[in-house]
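K.L.:
got a predicted model here, sequence first, then my questions.
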Amino acid sequence: MAIVKRPGQAKGFVLLHRRWVVERSFAWLTKFRRLVRDYETLPATHEAMIWTAATWQLSNRLTR
């Protein structure tokens, strides 16, 4: 994992390398109601919901 920083002299929109992949992944996960807010009290339960959402999303892409 590497931290991608914005160039200091850049003005306006600058495309950062591979950042869109992370942002798209978070957007897909927030389509699931239980992941929008922090409803879960245990981290293990929250992790299970993330796995469930990711599995559902991947299976939908594979069946198209």
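P.N.:
Looks like it arrived, so ask away.
K.L.:
how far is stretch 15-30 from where the chain is centred?
P.N.:
Mean-position distance between stretch 15-30 and its chain equals 6 Å (Cα atoms, centre = their mean, to the nearest Å).
K.L.:
state the mean pLDDT of it.
P.N.:
Model confidence over stretch 15-30, given as mean pLDDT, is 81.
K.L.:
and the contacts of it?
P.N.:
Residues outside stretch 15-30 that contact it (Cβ atoms under 8 Å, 6 or more residues apart in numbering) are 4, 6, 35-36, 50, 53-54, 57. For the C-beta atoms, the positions are set from N, CA and C on the backbone; glycine is no exception.
K.L.:
which residues touch residue 2?
P.N.:
Contacts of residue 2 by Cβ under 8 Å, 6+ apart: none found.
K.L.:
before we move on, the earlier item: only the buried subset of the contacts of stretch 15-30, as a PyMOL command please.
P.N.:
The buried residues among the contacts of stretch 15-30 can be selected in PyMOL (16 or more other Cβ atoms under 10 Å) with this line:
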select buried, resi 35+53
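K.L.:
just put the contacts of stretch 15-30 in CSV and tack on pLDDT.
P.N.:
Converted to CSV, the contacts of stretch 15-30 look like this (pLDDT from 0 to 100):
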residue, pLDDT
4, 69
6, 74
35, 83
36, 81
50, 89
53, 91
54, 90
57, 88
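K.L.:
having no further points to raise, I will conclude here.
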